[in-house]
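> Provided below are the primary sequence and the corresponding predicted coordinates.
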Amino acid sequence: MGGDLADVRLWASELDAVHGRFVHRFSRSEPRDSALAYMRGLVAPLERKNGWTLAEEAGHAGPDRIHRLLNRIEWDADEVLDDVRDYVVEHLGDREAVLIVDDTGFLKKGIRSAGVQRQYSGTAGRTENSQIGVFLAYATGRGRTLIDRRLYLPTSWTDDRERCRRAGIDDTVCFETKVAMAKAMVRRAIAEKIPFGWVTADAAYDFSKGWRFELEQADVFHVMATTRHDTVVTRWALDHPVHDLFDGLARQKWKRRSCGQGAHGQRIYDWARVEVCPWHRADRRHWVIARRSVNRPEEISYYIAYCPADTTLDELIRIAGSRWAVEECFQTAKQECGLDDYQVRRYPGWHRHMTLAMAAHACLTVLRARQLDADKAETDPPSSSTSASPRSDA
């Protein structure tokens with residue numbers, strides 16, 4: 001957001017506005033004030049964002065108030081998250097928004113932090129001692145931010161109830177797969193009438209025919225990555241491997257397209273789609289989509305889509321490419337809002353920290369969206385129409 005005084009005043013004012021959304025969730029002044037101080041510390045340019053540095057930034061003599069906020073004072077992080085989500089919808093809400101499910105790892109030492117064990121962490125790219133959080137991102141053309149979170153608890157934890165109790169995990173909290181957590185978060189978004197048009201996720205979440213069927217039954221459009229070994233219904237077979245659908249496909253069926261901007265420029269691939277599930281509503285279609293590397297054509301990734309009948313390939317490519325928005329959320333939330341910079345071990349404390357970090361990230365995302373709007377208004381000619389521009393198909 002920049003380091004000058006005007007920027008500092010701007011984000012401080014917007015943090016006050018976000019804080020005002022959920023200040024009524026605290027029964028006493030100390031946690032109300034501490035929550036605002038905590039968020040201000042998370043977005044401050046501190047090298048480390050732990051209890052001591054956040055307390056120092058807030059002008060506290062020590063970290064006790066910060067620790068009480070995260071670990072001891074009673075407040076409901078899910079209720080605060082509801083208020084943060086309302087703030088996001090008010091400022092970024094879009095009926096064409098994409099809900100994106102993904103997880104990220106938090107490297108930890110020791111064995112006492114809730115959910116920690118040696119497990120694969122995409123953040124590290126290998127098996128490490130870590131916690132894994134499953135998140136739901138909300139992506140629009142004006143910005144993207146995180147709107148839900150759950151800490152994954154392996155069976156090494158849920159099978160040991162005494163260990164769970166020591167980490168503040170209630171006996172009612174049972175083992176859930178990451179896919180089950182993803183389903184619950186999307187169901188919650190639907191139940192709360194969050195405006196969105198699509199759901200997407202990587203292959204770790206889509207390799208679940210049951211979830212795809214559930215989304216289809218709710219008429220929720222989706223473009224989900226899957227593996228080459230997944231199967232679909234075609235007019236030839238009930239379990240047709242997706243990778244077989246593209247053998248011998250005519251060259252003109254492949255279209256070279258970008259699916260969005262990446263760290264090294266446009267992400268350009270060759271794309272094709274084949275219609276499947278021949279028995280469906282007349283106004284809906286099912287597709288298998290292939291994404292082939294331009295330089296290494298043997299490298300092909302696959303997606304399964306359920307969508308309106310008139311949806312173009314370019315639109316499906318745009319949705320598939322939007323999955324990378326959640327990676328951007330993780331990166332900016334960790335770098336700018338201390339998402340991974342915490343010292344809590346207990347289960348409630350993890351969700352409290354994540355909620356306040358997500359609130360701070362939502363604040364910065366809304367400020368950037370306003371700046372984009374202002375920049376666009378300056379560059380648009382005065383006589384331009386006030387109607388919305390048609391969306392580009394990548």
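Looks like it arrived, so ask away. Quantities reported herein were computed from a predicted structural model and do not represent experimental measurements.
> how near is the residue nearest to Arg21 when sequence neighbours are not counted to Thr231?
The shortest distance from Arg21 to any non-neighbouring residue, by CB to CB, 6 or more residues apart in numbering, is to Asp83 (4.3 Å). For every residue, glycine as well, the C-beta is placed using N, CA and C. Distance, Asp83 to Thr231, by CB to CB, to the nearest Å: 43 Å.
> how about the nearest residue to Ile169 once chain neighbours are set aside, what does it touch?
With sequence-adjacent residues excluded and distances taken as CB to CB, 6+ apart, Ile169 is closest to Tyr347, at 4.5 Å. Contacts for Tyr347 (CB atoms under 8 Å, 6 or more residues apart in numbering) come out as 114-115, 151, 164, 167-169, 173.
> now do 7 Å
Tyr347 sits next to 114, 151, 167-169 when contact means CB atoms under 7 Å, 6 or more residues apart in numbering.
> repeat for Trp11
1, 43, 363-364, 367 are the contacts of Trp11 under CB under 7 Å, 6+ apart.
> could you say which helix or strand contains the residue nearest to Arg21?
Take DSSP states H and E as the rule and Asp83 turns out to sit in helix 77-92.
> One more: Thr332?
Thr332 belongs to helix 324-337 when elements are defined using DSSP H and E.
> which other helices and strands contact that helix?
In this structure, helix 324-337 makes packing contacts with helix 29-43, strand 98-107, strand 126-140, strand 143-151, helix 347-379, judged by 3 or more CB pairs under 7 Å, 6 or more residues apart in numbering; DSSP states H and E.
> hmm, who's touching it?
Applying CB under 7 Å, 6+ apart, the contact partners of helix 324-337 are 42-43, 100, 102, 104, 135, 137, 139, 144-146, 260, 262, 339-340, 357, 360-361, 364.
> could you redo the last one with a cut-off of 8 Å?
Counting by CB under 8 Å, 6+ apart, residues outside helix 324-337 touching it are 42-43, 98, 100-102, 104, 135, 137, 139, 144-146, 260, 262, 267, 339-341, 357-358, 360-361, 364.
> Count the neighbours of the residue nearest to Leu36 when sequence neighbours are not counted for me.
Spatial nearest neighbour of Leu36, chain neighbours left out: His19 (4.6 Å); criterion: CB to CB, 6+ apart. Close neighbours of His19, defined as other CB atoms under 10 Å, add up to 22.
> Please identify the buried residues of the helix or strand hosting His19?
In this structure, His19 is located in helix 5-22 according to DSSP H and E. In terms of neighbour count (16 or more other CB atoms under 10 Å), helix 5-22 has its buried residues at 8, 10-11, 14-15, 18-19, 21-22.
> same check, this time on stretch 58-75
Neighbour-count burial for stretch 58-75 [16+ other CB under 10 Å]: 58, 60, 63, 65-67, 69-70, 73, 75.
> does Leu146 really touch Val134, like I thought?
No: the criterion here is CB atoms under 8 Å, and Leu146 misses it with Val134 at 10.9 Å.
> On the pLDDT front, check the residue nearest to Leu36 for me.
On the pLDDT scale, His19 is placed at 97.
> Tell me who's in contact with it.
Under the criterion of CB under 8 Å, 6+ apart, the neighbours of His19 are 35-36, 39, 359.
> Does anything pack onto the helix or strand harbouring Arg188? Which helices or strands?
Secondary structure assigned from DSSP H and E places Arg188 in helix 178-191. Secondary structure elements in contact with helix 178-191, counted by 3 or more CB pairs under 8 Å, 6 or more residues apart in numbering; DSSP states H and E, are strand 98-107, strand 126-140, strand 143-151, helix 203-206, helix 209-217.
> where among those is the average confidence lowest?
For these, the weakest mean pLDDT is recorded on helix 203-206, namely a mean of 81.
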